[in-house]
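Q: Here's a sequence, model it:
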Amino acid sequence: MVLDNIDELLEKYDSGETTLQEEQQLKHYFAQETVPPHLDGYKAMFQYFSVTKEEQFSKDVPLKTKTNNLYKWISVAAVVAIMFGVYINQPRTITDLNQLTVDEREVYDQTVEGLQYLGFAINKGNENMKALSLVSSNLNEGANKMTHINEFSKTTNKILKNK
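A: All right, here's what the predicted structure looks like:
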């Protein structure tokens, strides 16, 4: 009878359905010296669980408290490099075009010419858009007149009883 109960508990244990009390019963049963031969695998498993439960780690773990200053110095060097770069690359304040060098003046003139060309192209596009707007408004006006004609046609058909 006890063996049948243990077999049922082992089936529940294998499927993960045992309660803590039932697992305690299994531990006590397998703590005995004599266990049927077909349950020797479970006996070894439960003995292993009981032994490892009592194990404790007793070795000291040394903690490394030495800090690595290399990362601190790298970050300081990076900040210094960035500040130096910002200081070197500060733009000059120019109040007159005569302060520009020949190359800078040439680049300035090319930029002004390009911007003027861009402005001309944008204005030309705006003129085309005005023409499209005029066509669109005429089209809308024609569509409104077509609705009046459609209404007139419906009324005429009702009077003449065509439809």
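Q: okay, CA-based contacts and neighbour counts for the rest of this
A: Fine.
Q: Next, the residue most central in space within the chain: phi, psi?
A: The residue lying closest to the centre of the chain (CA atoms, centre = their mean) is residue 75, at 28.6 Å. Residue 75 adopts backbone torsions of phi -70, psi -40, taken as degrees, to the nearest 10.
Q: and what of residue 57?
A: Main-chain dihedrals, residue 57, degrees, to the nearest 10: phi -80, psi 120.
Q: what do you get for the one 5 residues further on?
A: With angles defined as degrees, to the nearest 10, residue 62 sits at phi -70, psi 130.
Q: That one and residue 68, how far apart?
A: Separation of residue 62 from residue 68 (CA to CA, to the nearest Å) stands at 17 Å.
Q: mind checking pLDDT for the residue nearest to the centre of the chain?
A: pLDDT, residue 75: 86.
Q: so what's residue 6 up against?
A: Residue 6 makes contact with residue 26, according to CA atoms under 8 Å, 6 or more residues apart in numbering.
Q: Now do the buried residues in the helix or strand it falls within.
A: Assigned by DSSP states H and E, residue 6 falls within helix 2-14. Neighbour counts using 16 or more other CA atoms under 10 Å place 6, 9-10 of helix 2-14 among the buried residues.
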